[in-house]
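Trainee: pasting the sequence and the predicted coordinates here, then a few questions.
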Amino acid sequence: MEFTVSPIDSLSGGVVAPASKSYTIRAVLSGLLAEGTSTIRSPLVSRDTEAAFNACSAFGGGLRREGDVMLIEGTGGDVKAPGGVVDTLNSGTTIRISTAIASLCDTEVKLTGDESIQRRPIKPLLDALSQLGVKSTSKNGCPPLSVRGPIEGGACSIPGNVSSQFITAVIMAAPYAREEVVVNVTTPLKSRPYVDLTLNMLGLFGVDVMNDDYRTFNVPLQAYKGADYTVEGDYSSAAFILAAAALTKSDVMVSNLFRDSLQADKRVLEIISQMGAKVTSAADSVRVTSDGRLSGVKVDLSDSPDLVPIVSVLGALASGRTEIVNAAHARLKECDRIKAMATELAKMGAKIQEREDGLLIEGGALHGANVEGWLDHRIIMSLAVAGFRAQGKTVISGSEHVDVTFPNFKQSMNGLGARIA
């Protein structure tokens, strides 16, 4: 499928941000591990979260949907070895957390995912689990893989500069190890807010983790308790709406975005404000007003690598120079997002230089082009936003992949005045 994007001058109106993918997946898999029944309200329903729903059921969690509410009968940590292979589709978060959960089983569990997942590294997680007594095999350090527990416990080491999801995964399974688990982080931690998000979720389910300045995490033996949790809106998905408003003569309100959110991609508000848009945050909404004229910035995305695609678009259409730095881990996502944006924006006329850890962009005008979506939802949505300000039509391949996190992206944008066919 394709998106055909026509240029626009302005956007206006209000839209509700979709629920957070990161929180939904963690809440569902915490519910799987909890004692009793957990109630997850307003979860995101997308391809990535369906992977987590399926994993929950595969490991013995009872999952039932009632309208906009999901009820999960937990296992209390007594997870069941699935009868077949656990397919995590395109969800990196799900395969990494599920791998750690699988290590609670004393029989072999096999896990896999789509072509993108099979290129994403998982060896640091398997190495850490090995130090805790878990046996595993994998294909070139990537999925597909097999795991056999149980987790004995003790100390393990994990690098902090590849993916914070490795730390999240071990911490989430550790309360049910045979002995207390200590996670030592061997390099400075990238994407720190995602670990904060995990610790916040575990706290809601009654799990206490001792955090020593993100260098050591001590996880005592304990049980998850069933919880009642409402999923907040997703700054990662809303970033495309907010950026589109900043790049045009617009007045747009996005609700279901909370001012006190721990999400890493809330950083987008600071970035578009620094570039020249007016950003007003209320308790549960964000308003962006702009004349469409932005100025380039230097931005460190070490904690927010998912913003690399959309910030590169902002930079390509702003005046002056934009530098994205400390984001090398963005190369290890659904695709190499640094290479993808350098390649596709160049097709649209951007003056963009790829660096090992980011991008150097000289802002200016863009023209419409036929561009590739790289089978990556964030690349596709970012290129759509670029198309709003390009001269002529932009055609983006693989538009169906937006269903990974934002199935209603086209409808939400067109409701504000965008032109996506």
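Mentor: Perfect, I can see it now.
Trainee: is the nearest residue to A421 once chain neighbours are set aside part of a helix or strand, or is it coil?
Mentor: In this structure, A421 finds its nearest non-sequential neighbour in T4, 4.5 Å apart by Cβ to Cβ, 6 or more residues apart in numbering. For the C-beta atoms, the positions are set from N, CA and C on the backbone; glycine is no exception. Three-state assignment for T4 (DSSP: H, G, I helix; E, B strand; the rest coil): strand.
Trainee: so what's T4 up against?
Mentor: Contact analysis of T4 by Cβ atoms under 8 Å, 6 or more residues apart in numbering lists 393-396, 420-421.
Trainee: how about V288?
Mentor: With contact set as Cβ under 8 Å, 6+ apart, V288 has these partners: 242, 245-246, 250-252, 254, 272, 277-280.
Trainee: kindly recompute the last result at 6 Å.
Mentor: Contacts for V288 (Cβ atoms under 6 Å, 6 or more residues apart in numbering) come out as 242, 245-246, 252, 277, 279.
Trainee: and the residues you listed as TSV, adding pLDDT, neighbour count and distance to G77?
Mentor: Putting the contacts of V288 into TSV (pLDDT from 0 to 100; neighbours: other Cβ atoms under 10 Å; distance: Cβ to Cβ, whole Å) gives the following:
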residue	pLDDT	neighbour count	distance to G77
L242	98	28	40
A245	98	29	45
A246	98	30	45
V252	98	23	44
A277	98	24	47
V279	98	19	43
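Trainee: need those in JSON lines with distance to A81 and secondary structure, can you?
Mentor: JSON lines is the format used below for those (distance: Cβ to Cβ, whole Å; DSSP: H, G, I helix; E, B strand; the rest coil):
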{"residue": "L242", "distance to A81": "43", "secondary structure": "helix"}
{"residue": "A245", "distance to A81": "48", "secondary structure": "helix"}
{"residue": "A246", "distance to A81": "49", "secondary structure": "helix"}
{"residue": "V252", "distance to A81": "48", "secondary structure": "strand"}
{"residue": "A277", "distance to A81": "51", "secondary structure": "coil"}
{"residue": "V279", "distance to A81": "48", "secondary structure": "strand"}
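Trainee: closest to Q118 out of these?
Mentor: Among these, L242 lies closest to Q118 (Cβ to Cβ), at 32.6 Å.
Trainee: from L11, how far off is the closest one?
Mentor: Separation of L242 from L11 (Cβ to Cβ, to the nearest Å) stands at 10 Å.
Trainee: cool, and G62?
Mentor: Distance, G62 to L11, by Cβ to Cβ: 43 Å.
Trainee: name the element E50 belongs to?
Mentor: Using DSSP states H and E, E50 sits in helix 47-58.
Trainee: just checking, what packs against that helix?
Mentor: For helix 47-58, the packing partners by 3 or more Cβ pairs under 6 Å, 6 or more residues apart in numbering; DSSP states H and E come out as helix 21-33, strand 62-66, helix 92-102.
Trainee: now mean pLDDT and mean neighbour count too, for these, in JSON lines please.
Mentor: Compiled in JSON lines, the helices and strands packed on helix 47-58 are given as follows (pLDDT from 0 to 100; neighbours: other Cβ atoms under 10 Å):
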{"stretch": "helix 21-33", "mean pLDDT": "98", "mean neighbour count": "28"}
{"stretch": "strand 62-66", "mean pLDDT": "95", "mean neighbour count": "12"}
{"stretch": "helix 92-102", "mean pLDDT": "98", "mean neighbour count": "28"}
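Trainee: okay, those in a markdown table with distance to A350 next?
Mentor: Listed next are those as a markdown table, based on distance: least, Cβ to Cβ, whole Å:
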| stretch | distance to A350 |
| --- | --- |
| helix 21-33 | 28 |
| strand 62-66 | 43 |
| helix 92-102 | 28 |
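Trainee: among these, which comes closest to D228?
Mentor: helix 21-33 (10.4 Å).
Trainee: compute the inter-axis angle for that closest one and helix 92-102.
Mentor: Put simply, helix 21-33 runs at 20 degrees to helix 92-102, going by axes from the mean of the first three to the mean of the last three Cα atoms, to 10 degrees.
Trainee: the helices in the stretch 51-200 of the chain, which residues?
Mentor: Taking DSSP state H, counting those that start in this stretch as the criterion, the stretch 51-200 of the chain contains helices spanning 92-102, 123-131, 164-173, 192-204.
Trainee: what's the average pLDDT for the shortest one?
Mentor: Just to be clear, that refers to helix 123-131. Helix 123-131 comes out with an average pLDDT of 98.
Trainee: same question for the last one.
Mentor: For helix 192-204, the mean pLDDT works out to 98.
Trainee: wait, what's in contact with the residue nearest to I380 when sequence neighbours are not counted?
Mentor: Among residues not flanking I380 along the chain, G373 sits closest, at 4.0 Å (Cβ to Cβ, 6+ apart). Going by Cβ under 6 Å, 6+ apart, G373 touches 379-380, 396-398.
Trainee: go on, S98?
Mentor: S98 sits next to 55, 86, 111 when contact means Cβ under 6 Å, 6+ apart.
Trainee: just to revisit the earlier point, ranking the helices of the stretch 51-200 of the chain by burial, who's on top?
Mentor: Sort the helices of the stretch 51-200 of the chain by mean neighbour count, taking mean count of other Cβ atoms under 10 Å, and helix 92-102 sits at the top with a mean of 28.
Trainee: quick revisit: just put the helices of the stretch 51-200 of the chain in JSON lines and tack on distance to V28.
Mentor: Output for the helices of the stretch 51-200 of the chain, formatted as JSON lines (distance: least, Cβ to Cβ, whole Å):
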{"stretch": "helix 92-102", "distance to V28": "9"}
{"stretch": "helix 123-131", "distance to V28": "19"}
{"stretch": "helix 164-173", "distance to V28": "12"}
{"stretch": "helix 192-204", "distance to V28": "10"}
